[in-house]
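[1] Below is the sequence, then the predicted model.
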Amino acid sequence: MNDEMKEPAGEVRRQIDAYLDAIDRVLSASGMTRGERRNVTDDVETQIQEMLAARAGELPTVADIEAVLSSLDPPEAYASVRAETSEPQRTTADVSSTALPLGPPRFSRTAIVGALWAPVFLMCFFLMFHARQVRLADVPPPGPAWWQYLLMCTLLPLGLAAPFVTTILGIISISQIRRSAGRLYGLGLALFDALLFPLLALDGLIWKRWLAALPHSAPAATEGVRSHVIAAPWFVASPFAIPFWTILSCVIVDGIIIYWAWRAVTAPPGGCQPEAEETQAAIQTRAGLAKIALGVCCLGGLLLAAGLVAGGDATGMAYLLFVACQIAAFVLGVMSWKDSLGKAAGVVSAVLVVGSLFLIP
Amino acid sequence: MRTWVAQLRKGLVELCVMGVLRDGEAYGYEILQRMGKAEGLAITESTVYPILARLANDGLLTVRQAPSPEGPPRRYYRLTPLGRTRLREMAAYWKDICAAVNNLVEGDSK
């Protein structure tokens, strides 16, 4: 009996994991989504641990775990239950998923169509900006050839519709995949469809704002931030300044949007974040990052205020340091988003940067 | 007879699970234990937990995770407003069905 009490906890853990893995496999084969499977196995594990605690206290033996597992349903029991309970009593919003045939999972066709449609816009864009007219002596220019008319009637409408169609198809396919209970996959492509054109439009807007904010041609003899910025160092006055800041901003903004969107579409609708499993060290690190974010945000504000008070060339330099500080604060704020200080730093820095871009003359 | 009883029970599990959560939140094993007290239901975890996961996925339940003194965090389920509406509809339908079936059965017995 004493030997039995000294049996390693690792073996108990291994048996629990093997049982949970077996349930997971059965549920996966029956088409349950990963989020739902995790919910089920978490509930089963909680039950096992509570039964073990009630039976053996803090040091369960292999005999205890075997007794507990033998009192539970075999993993195979989850297959029949899933098949009988998953289909009926769906909400009206789930009509699309019930209409899907049972069988092996397949790639979302809606997402594929959306992805194939997107390049048509680029083709149209390319063709429109490469239309040329060659004038030969006194000969009047010929009208469009038949194939050009054909393209105008077919490719052009398809291309102009592509941003809307691709985005809508992406959103529809995300919804279908999430409701398909594992019978559809391709969430990455669906998200790509949904975000491609909105992000391109946003990137265009960012580029336009940097174009307005930084000197990009001959020095303008105007007052205000722009005229002071011209005297600033290479990272402002260089011809690469606008592409550099634009690409940096786009990468950060797009990355954050994609990260949030991916988290949103992959989270189970009724699920929850495993916050209770987070270590104390992770919480402390996050709190530290949040404080740094807020500090950098405040520092940027102070620098800008000092630059505005000083006036002259210092204003332009102060503004750039302010933007750099706010971008850093935003990144740090997003990294520590679960902390209230981090959230505040992220939101305030974003509002300050966007607001300052629109305030530049 | 056993097949009929099993089918009838399975059809009622969803209603029973939501009924347990009518007055407040509960975690999976707790729901199972409360349902186990109802004689005749004889429902096991392989029936209840997938239904909880599906109801949560359908937006009828919310899930909150909280630490447990016994081991891994407990996942507490609670009815959403949509879930409450669904429970009311199901309960009303169940009463109608019960009444109709009772009438038929009692009529036959007479």
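    In hand now; what should we look at?
[2] What residues of stretch A:19-39 count as buried?
    Buried residues in stretch A:19-39, counted by 16 or more other C-beta atoms under 10 Å in any protein chain shown: A:19-20, A:23-24, A:26-27, A:30-33, A:35-39. In short, each C-beta sits where N, CA and C put it, glycine included.
[3] Also within reach of chain B: list those from the residues you listed.
    Restricting those to those touching chain B (C-beta under 8 Å from any C-beta of the partner chain) yields A:27, A:32-33, A:35-37, A:39.
[4] Among the buried residues of stretch A:19-39, which are located in strands?
    Per DSSP state E, strands hold no members of those.
[5] Which pair in the ones next to chain B among the buried residues of stretch A:19-39 has the greatest spatial separation?
    A:Leu27 and A:Gly35 (11.2 Å; C-beta to C-beta).
[6] The buried residues of stretch A:19-39 in helices, which ones?
    Residues of those located in helices (DSSP state H): A:19-20, A:23-24, A:26-27, A:35-39.
[7] For those residues, give me TSV that also has pLDDT.
    Below are these laid out as TSV (pLDDT from 0 to 100):
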residue	pLDDT
A:Tyr19	89
A:Leu20	89
A:Ile23	88
A:Asp24	87
A:Val26	83
A:Leu27	86
A:Gly35	83
A:Glu36	85
A:Arg37	87
A:Arg38	87
A:Asn39	87
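[8] from these, which is closest to A:Pro163?
    Using C-beta to C-beta, these come closest to A:Pro163 at A:Gly35, 31.0 Å.
[9] Does that closest one touch A:Arg178 like I think?
    No: counting by C-beta atoms under 8 Å, A:Gly35 stays clear of A:Arg178, with 9.3 Å between them.
[10] buried set for the lowest-mean-pLDDT helix or strand in chain B?
    Taking mean pLDDT, DSSP states H and E as the measure, chain B has helix B:2-20 as its least confident helix or strand, at a mean of 82. For helix B:2-20, the neighbour count (16+ other C-beta under 10 Å) marks B:10, B:13-20 as buried.
[11] what's the closest of those to chain A?
    Ranked by distance to chain A (C-beta to the nearest C-beta), the buried residues of helix B:2-20 are led by B:Lys10 at 5.7 Å.
[12] Would you check that the closest one makes contact with B:Val48?
    No: counting by C-beta under 8 Å, B:Lys10 does not reach B:Val48; the two are 11.1 Å apart.
[13] is stretch A:64-71 anywhere near chain B?
    No: residues of stretch A:64-71 are not located near chain B by C-beta under 8 Å from any C-beta, the shortest gap being 9.9 Å.
[14] before we move on, back to that, the buried residues of helix B:2-20: which two are farthest apart?
    Farthest apart among the buried residues of helix B:2-20 - using C-beta to C-beta - are B:Lys10 and B:Val20, which lie 16.3 Å from each other.
[15] mind listing the strands for the stretch 151-300 of chain A?
    A:184-185 (DSSP state E, counting those that start in this stretch).
[16] Could you list which residues are in contact with A:Leu69?
    Applying C-beta atoms under 8 Å, 6 or more residues apart in numbering or on different chains, we find A:Leu69 in contact with A:15-16, A:19, A:48.
[17] so which of the residues you listed comes closest to chain B?
    Nearest to chain B among the contacts of A:Leu69, with distances taken as C-beta to the nearest C-beta, is A:Ile48, at 8.0 Å.
[18] wait, isn't that closest one in contact with A:Gln15?
    No: A:Ile48 lies out of contact with A:Gln15 (C-beta under 8 Å); the separation is 9.5 Å.
[19] Can you pull the residues that touch both of these two?
    A:65, A:69.
[20] Which pLDDT value belongs to A:Ala194?
    pLDDT, A:Ala194: 92.
[21] got the contact list for it?
    Contacts of A:Ala194 by C-beta under 8 Å, 6+ apart are A:167, A:170-171, A:174, A:261.
[22] go with 7 Å
    A:167, A:170-171, A:174 (C-beta atoms under 7 Å, 6 or more residues apart in numbering or on different chains).
[23] Which residue, neighbours along the chain excluded, lies closest to it?
    A:Gly170 (3.0 Å; C-beta to C-beta, 6 or more residues apart in numbering or on different chains).
[24] okay but the one you found is in contact with A:Ala190, surely?
    Yes: A:Gly170 lies in contact with A:Ala190 (C-beta atoms under 7 Å); the separation is 5.3 Å.
[25] neighbour-wise, which of those two wins?
    Taking neighbours as other C-beta atoms under 10 Å in any protein chain shown, A:Gly170 and A:Ala190 compare with A:Ala190 leading, 29 against 26.
[26] Relative to B:Lys95, how far out is that one?
    With distances taken as C-beta to C-beta, to the nearest Å, A:Ala190 is found 43 Å from B:Lys95.
[27] Could you pull up the contacting residues of A:Ala261?
    Taking C-beta under 7 Å, 6+ apart, one finds A:191, A:195 in contact with A:Ala261.
[28] Could I get the pLDDT score of it?
    A:Ala261 is given a pLDDT of 87.
[29] do A:Val134 as well
    Reading off the model, A:Val134 has pLDDT 59.
[30] ok, and the closest non-adjacent residue to B:Tyr29?
    Nearest non-adjacent residue to B:Tyr29 (C-beta to C-beta, 6+ apart): A:Gln47, at 4.2 Å.
[31] I'd like the next helix or strand past the one helix or strand that neighbour maps to.
    A:Gln47 belongs to helix A:34-56 when elements are defined using DSSP states H and E. Downstream of helix A:34-56, the first helix or strand assigned by DSSP H and E is helix A:62-71.
[32] For that following helix, buried residues please.
    Quick answer for helix A:62-71 (16+ other C-beta under 10 Å): A:64-65, A:68-69.
[33] Give the ranges of residues in the chain that sit below the confidence cut-off.
    All of this is about chain A. By pLDDT under 70, the low-scoring segments of chain A are A:1-9, A:80-105, A:128-144, A:181-183, A:215-239, A:268-280, A:357-361.
[34] Can you look at chain B instead?
    Using pLDDT under 70, chain B drops low at B:70, B:108-110.
[35] All set now, cheers.
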